[in-house]
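**Student:** Quick one: sequence and predicted model below, then my questions.
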Amino acid sequence: MHVGVTEPMRAIAEYLQHAIDCRTLADRVTQPQDKKTLEELAQAWERIAALREQDLIDAKDSTRA
């Protein structure tokens, strides 16, 4: 494990990698509906990452209070 990288941070990075993977696949498929679906999946992974990141910020803030 890298110094300073926590398991939750690693999970966020994995979620963002899933979004990148979806977009990579979207670039390779030819059907417009498939492209749309993969873009929607990419956006969903990004939302999950953002929510998890906000959870970490909230948890950190609550420990300071």
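**Tutor:** In hand now; what should we look at?
**Student:** what about Thr37, neighbour count?
**Tutor:** 15 (other Cβ atoms under 10 Å). For the C-beta atoms, the positions are set from N, CA and C on the backbone; glycine is no exception.
**Student:** One more: Lys35?
**Tutor:** Around Lys35 there are 16 other residues, counting by other Cβ under 10 Å.
**Student:** quick thing: my sequence starts at 231, can you match it?
**Tutor:** Renumbered: residue one is now 231, and that last one reads Lys265.
**Student:** and Leu246, what element?
**Tutor:** helix 237-258 (DSSP states H and E).
**Student:** Could you tell me how far that helix lies from the centre of the chain?
**Tutor:** Distance of helix 237-258 from its chain centroid, counting by Cα atoms, centre = their mean, to the nearest Å, is 6 Å.
**Student:** Give me the helices and strands touching that helix, please.
**Tutor:** helix 262-294 (3 or more Cβ pairs under 8 Å, 6 or more residues apart in numbering; DSSP states H and E).
**Student:** Which elements pack onto the helix it packs on?
**Tutor:** helix 237-258.
**Student:** circling back to that earlier point, send the alpha carbons of the helix holding Leu246 over as CSV?
**Tutor:** Backbone C-alpha positions of helix 237-258 (Å, rounded to 0.1, in the frame of the first residue of the first chain) are rendered in CSV as follows:
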residue,chain,number,x,y,z
GLU,A,237,-8.7,2.0,1.3
PRO,A,238,-11.6,4.5,0.8
MET,A,239,-9.3,6.6,-1.5
ARG,A,240,-8.4,3.5,-3.4
ALA,A,241,-12.1,2.7,-3.9
ILE,A,242,-12.7,6.2,-5.3
ALA,A,243,-9.9,5.7,-7.7
GLU,A,244,-11.3,2.4,-8.8
TYR,A,245,-14.7,3.9,-9.4
LEU,A,246,-13.2,6.6,-11.6
GLN,A,247,-11.2,3.9,-13.4
HIS,A,248,-14.5,2.1,-14.1
ALA,A,249,-15.8,5.4,-15.6
ILE,A,250,-12.7,5.6,-17.9
ASP,A,251,-13.2,2.0,-18.9
CYS,A,252,-16.8,2.6,-19.8
ARG,A,253,-15.8,5.5,-22.0
THR,A,254,-13.0,3.5,-23.6
LEU,A,255,-15.5,0.8,-24.5
ALA,A,256,-18.0,3.4,-25.8
ASP,A,257,-15.3,4.6,-28.2
ARG,A,258,-15.0,1.1,-29.6
